[in-house]
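Peer 1: 3D, please:
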Amino acid sequence: MDAVRQVSCSDRAALARETARFVADALASHPGRFVALAVGDSTLPLYAGLDAIGPAWAGRSIMPVDELVPTPADPDRRFSARLAAALPGELRRRLIPIEVEGDPQLRAIALDARLNEAARGETRIDATGEEHPPAQDAIIPPCPRISARS
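Peer 2: Prediction:
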């Protein structure tokens, strides 16, 4: 997965399937406690098929890539809320919002503790069916350039 590749998709449904395939491959080949997903009008609809990935999600949390600062007055505008609304029901319980209020160092310590708690005791199963105990974080390489043709 280290090589960048370009994929052309015929429509939004094909793009969503390619996104799910890319995430599945990344989950199978990279250990870690969390997956950070982009929150944007073009990416959110693509996450609807992610629940089909199944046991590869064991021991992993989902987070938005970033969060708005300062926090919006309307909680539904937060990136975490928008991501939760876009995720399939099975994956919503894995979402860990990014807290931006208060001391950044204390927030980072609290986030690390929440990720450890979420991953504790869950065994990850890779694409071959092999089981892996909870692992440390890994960086997933950049997503391939994928686009839908109009």
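Peer 1: quick one: contacts for Ala84?
Peer 2: Contact analysis of Ala84 by C-beta atoms under 8 Å, 6 or more residues apart in numbering lists 92, 95. The C-beta positions use only the backbone N, C-alpha and C, and glycine is treated the same way.
Peer 1: Pull the helix or strand it falls within out as CSV, backbone CA atoms only.
Peer 2: Element membership for Ala84 (DSSP states H and E) is helix 79-86. Output of helix 79-86 as CSV, limited to C-alpha atoms (Å, rounded to 0.1, in the frame of the first residue of the first chain):
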residue,chain,number,x,y,z
PHE,A,79,-17.0,17.6,12.9
SER,A,80,-17.5,14.7,15.3
ALA,A,81,-21.3,15.1,15.1
ARG,A,82,-21.2,15.3,11.3
LEU,A,83,-19.0,12.2,11.1
ALA,A,84,-21.3,10.3,13.5
ALA,A,85,-24.3,11.1,11.3
ALA,A,86,-22.5,9.7,8.3
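Peer 1: what comes up buried for that helix?
Peer 2: Buried residues in helix 79-86, counted by 16 or more other C-beta atoms under 10 Å: 79-84, 86.
Peer 1: for those, which one is nearest Asp41?
Peer 2: Arg82 (9.4 Å; C-beta to C-beta).
Peer 1: Do you have the strands of the protein handy? List them.
Peer 2: Applying DSSP state E to the chain gives strands spanning 6-9, 34-37, 61-64, 124-125, 131-132, 145-148.
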